[in-house]
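[1] show me how the following folds:
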Amino acid sequence: MDKKKRSKLILLIFILIVILVISILSFNYNYLKILVEKYVERYGLIAIAILSFLADTLDQPIGPEVPASFGVLFGLNVFFVVLFSTIGSYGASLMNYYIGRGYLSKRFREAMDSKENEKYIKLFKKYGGFSVFLAAISPVPWTLFCWLAGSFKMKLENFIFWGLIPRLLRIAVVVGVIYFSGISFV
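    Residues are numbered from 1 along each chain as shown. Alright, predicted model coming up:
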């Protein structure tokens, strides 16, 4: 099997595994939500950081704002909740960016001819910042856009500006709404 076919097969297997994991996690959403609630109640800020990291490691229905929201509901300091959730989210986002940059970039180059690859890189350079921004603040699959940003060689400072800063704002807004609503489990 030549290099191009092998890379296409590896990318296809990778995509199928991601779809399978997303499907399994989506079908178990209620169970996961209860599990997140229990871990945040028991382990506090450390659980928020770890669960935020896990939430942004793979695309699935629970984002980092879910464990952060439970932290606020359990009476944890809102500043530290946002901080720990952001640290976890940023860790996973940067890890996925570098997975895209180091591994997927090579697979994309091998799977496509150079003209086709250049076309996609040019397209991502034109619209990539805005698409990463939208993915960071919306329920669109964030992990996928981290991989794409890395694989199409988006500069790290652009990824931080277009992706990580809006991600912080998303977490802060959701946590702020929960905090100022006055709802609490304590």
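
[2] pretty sure S131 sits against F145.
    Yes. Judged on Cβ atoms under 8 Å, S131 makes contact with F145 at a distance of 6.5 Å. All C-beta atoms are positioned from the backbone trio N, CA, C, and that covers glycine.

[3] higher neighbour count, these two?
    Neighbours were counted for S131 and for F145 using other Cβ atoms under 10 Å; F145 has more, 26 against 18.

[4] so P139: helix, strand or coil?
    Three-state assignment for P139 (DSSP: H, G, I helix; E, B strand; the rest coil): coil.

[5] give me the number of residues near it?
    Using other Cβ under 10 Å, P139 has 8 other residues around it.

[6] same question for Y98.
    If you count neighbours by other Cβ under 10 Å, Y98 ends up with 14.

[7] so where do the helices sit in the protein?
    Counting by DSSP state H, one finds helices in the chain at the ranges 3-27, 29-43, 45-57, 65-73, 78-99, 105-111, 114-137, 142-151, 156-159, 165-181.

[8] including mean pLDDT, could these go into a markdown table?
    Output for the helices of the chain, formatted as a markdown table (pLDDT from 0 to 100):
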| stretch | mean pLDDT |
| --- | --- |
| helix 3-27 | 77 |
| helix 29-43 | 86 |
| helix 45-57 | 94 |
| helix 65-73 | 93 |
| helix 78-99 | 96 |
| helix 105-111 | 82 |
| helix 114-137 | 89 |
| helix 142-151 | 92 |
| helix 156-159 | 96 |
| helix 165-181 | 94 |
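
[9] hmm, V78 is touching V177, no?
    No. Using Cβ under 8 Å, V78 is not in contact with V177, being 11.1 Å away.

[10] the more surrounded of the two?
    Neighbours were counted for V78 and for V177 using other Cβ under 10 Å; V78 has more, 17 against 12.

[11] for the closest residue to the more buried one other than its chain neighbours, give its distance to S23.
    Closest residue to V78 apart from its sequence neighbours, by Cβ to Cβ, 6 or more residues apart in numbering: Y179 at 4.8 Å. Look at Y179 and S23: by Cβ to Cβ, to the nearest Å, they are 33 Å apart.

[12] neighbour-wise, which of those two wins?
    Y179 (19 against 11).

[13] distance of the more buried one from I62?
    19 Å.

[14] cool, S52 as well?
    Using Cβ to Cβ, S52 is found at 10 Å from I62.

[15] residues in contact with L11?
    With contact taken as Cβ atoms under 8 Å, 6 or more residues apart in numbering, L11 is in contact with 104, 107-108, 111.

[16] mind redoing it with 6 Å?
    With contacts defined as Cβ atoms under 6 Å, 6 or more residues apart in numbering, L11 is in contact with 107, 111.

[17] I'm done for today, thanks for sticking with me.
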